[in-house]
Every structure is written in C-alpha cells, then in structure tokens.
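**Q** what follows is a predicted structure for the sequence shown.
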Amino acid sequence: AEIEPLIGFFVNTLALRMDLSQAPSVAELLASVRQTALSAQDHQDLPFEQVVEIAQPPRCLDHTPLFQVMFAWQNNDTGELALPGVRVEPVSLISDIAKFDLELALGETEDGAIEGVLNYATALFDAATIERHRGYLLAMLQAMVAEPLASVAQVDLLAAEERELLLHTWNQTDAPYPKDQCIHQLFEQQVLRTPDATAVVFEDQS
C-alpha cells in the first residue's frame, strides 16, 4: 500500500521449493504447490535480497542465488493511459539477454487463451533442446489433466518419435564379429592398430 501512489517497476521474487522425493500424485503435487505459493505470499513483504542475505548461499557469478529457473504469471491489468496532448501506445519489449538459466512467462489473453515465452541461456541450451522441453511441458500438463491421481514420477514425457530414437535408433550398436578368430588374435590385431594405447589398467598399474 505504501508504494501504490508511486510510479515505477516494483516486483518481488518469491523462491519456492518443491519436494518430489516421495513421488506424489498430480493432485497431491498441485495441493502442495498451492500451499507453498500461499505461504510465500504471506511473506512477500520480505525483499528477495534480504532472503539471500539470511540464507547466505554459496555465491557464484554465473548464476543467480537460490534458484536458476523462473516462472512468471503475467496477470496484471494493462489498463489505459490517457494524457492531455500526448499519444500513448504500448511497445513490445524484446530482450536478447536471459536473466536466468530458464524462464517461463505465461499470461492470459483477452479471449481466454494462455500464451507465453520461454527465455533461456544459450550457453546452456540450444533451440532444439528448448523445443523438446516445450514438448515435455505440454505432455506433463496433458497427463496431469487426464490422470490427476497418477504419480508424477510415472508421467510419460517422451513423444513416440523421441522414444523410438532413444530406445532403438541410438542403441543399434550391433557389429560383425569375426567368428573364425580367437580372442588373443583379436587382441594382437588391436595392438597392431594402436600400439601406443593403454590396454589394461589395474589400480596404479597399466
């Protein structure tokens, strides 16, 4: 209430921790997330910077403290700004700098649809990986709606094509084996091919 008359950008980050170690059901997870979010809202007056000072996590310059993944739900009312003699129009701000390893920002459109963007650090992810993560997220949401009592650990995130790639295509490692030679002959042939390579390592001997 103290800052309502002020003009500026005021936002406070709430760091939330989710525990999936007990493999909760979808319904249990949603209830837990809801309770965690409401508890965090009760303490939202405490600035995130003070939380970091109190927690004193190990600091590293290449990522933010306490969390590296951000979720933002944009539900603020855009409203209309009218000033005498001034024409005002919204400007879309597109930044090519990722503030976090991964950030999902969603919001509801005027027609009730939900849309958003995934921002990511290109030093950690490429576009194809993020596209797969988008598919995982959609698969998880669809599974959560379809089976709210199922364990989140049992939700199948893989599309049929990716499952085929992981389980079959990349595992086709069959190679012809010379059935007319003994193991010591194969060993000798390998020695001739790579005479300087280490053959066996045991403890401190090779």
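**A** Okay, I see it.
**Q** what ranges does the protein have for its helices?
**A** 26-42, 48-55, 127-146, 160-167, 183-193 (DSSP state H).
**Q** contact partners of the first one?
**A** I take that to be helix 26-42. 14-20, 24, 143-144, 147-152, 155 (Cβ atoms under 8 Å, 6 or more residues apart in numbering). Every residue, glycine included, has its C-beta placed from N, CA and C.
**Q** mind running it again at 7 Å?
**A** The contact list for helix 26-42 (Cβ atoms under 7 Å, 6 or more residues apart in numbering) reads Leu14, Leu16, Met18, Pro24, Met144, Glu147, Pro148, Leu149, Ala150, Val152.
**Q** low-confidence ranges in this structure?
**A** Along the chain, segments meeting pLDDT under 70 span 9, 77-79, 94.
**Q** report the separation between Pro65 and Asp42.
**A** As judged by Cβ to Cβ, to the nearest Å, Pro65 and Asp42 stand 22 Å apart.
**Q** which residue sits farthest out from the middle of the protein?
**A** The C-alpha centroid of the chain is most remote from Asp180, which lies 51.7 Å away (Cα atoms, centre = their mean).
**Q** so for this structure, the centremost residue is which one?
**A** Per Cα atoms, centre = their mean, the C-alpha nearest to the average position across the chain is that of Leu102, at 5.7 Å.
**Q** give the contact list for Thr198.
**A** Ser206.
**Q** apologies, that question was intended for Arg59.
**A** Pro65.
**Q** just use 35 as the starting number from now, easier for me
**A** Noted, 35 is the first residue going forward, which turns the last one into Arg93.
**Q** phi first, then psi, for it.
**A** Backbone geometry at Arg93, expressed as degrees, to the nearest 10, gives phi -90, psi 140.
**Q** state the distance from it to Ala162.
**A** For Arg93, the distance to Ala162 (Cβ to Cβ) stands at 32 Å.
**Q** with adjacent residues omitted, what lies nearest to Leu115?
**A** Counting by Cβ to Cβ, 6 or more residues apart in numbering, Val122 is the residue found nearest to Leu115 once chain neighbours are left out, at 4.9 Å.
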